[in-house]
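Engineer: kindly generate the corresponding structure for this input.
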Amino acid sequence: MEGIEYRPIERGDEVALLRLIKELAVFEREPEAVIISEVDLTECLFEKKICYGWVAILHSECVGMAICYTRFSTWKGECSFLEDLVVAQEHRGKGIGKALLERVIAYARENKQAYAMWQVLDWNRDAIEFYKKMGAEFETEWLNVKYYI
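Structural biologist: Reported below is the predicted structural model:
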């Protein structure tokens, strides 16, 4: 889409990032699940540097984001995990999500990582079809496991 700037996340983006994260939580039917704050985002992105990502800017407004972190596979080596990719609802279907995902994949390629990976909810048919069109492979053998602290 014309007029959109894609750039790495910068200090000052935290308010917009949190807005998009909350929008994603509503979409994923868990609006109360978001406990992270703007301060937490600043710490994780810029102080601890445990995650990184890109934003899509349209007319000075952040309308999309992709946030990743580095994972390690004992079999394959370093890889990128896309934690969340979200485009504001009113801007979906314009190629913004694809452009952000392409940046994630390019980053993994440029940094000689084995792969980029992410998760998708089984009921999110639009996203599943989108990822298939992008050439992504779907694993079926592995289950997600969490131990909450």
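Engineer: quick one: the helices in the protein?
Structural biologist: Counting by DSSP state H, the chain has helices at residues 14-27, 38-42, 96-110, 125-133.
Engineer: and the strands in this structure?
Structural biologist: Ranges of strands in the chain, per DSSP state E, are 4-8, 52-58, 61-73, 77-87, 116-118.
Engineer: switch those over to a markdown table; also include mean neighbour count and distance to Arg103.
Structural biologist: Heads up, the C-betas are built off the backbone N, CA and C, glycines and all. A markdown table is the format used below for the strands of the chain (neighbours: other CB atoms under 10 Å; distance: least, CB to CB, whole Å):
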| stretch | mean neighbour count | distance to Arg103 |
| --- | --- | --- |
| strand 4-8 | 13 | 6 |
| strand 52-58 | 20 | 5 |
| strand 61-73 | 18 | 7 |
| strand 77-87 | 19 | 10 |
| strand 116-118 | 18 | 10 |
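Engineer: residues contacting Ala99?
Structural biologist: 4, 6, 56 (CB atoms under 8 Å, 6 or more residues apart in numbering).
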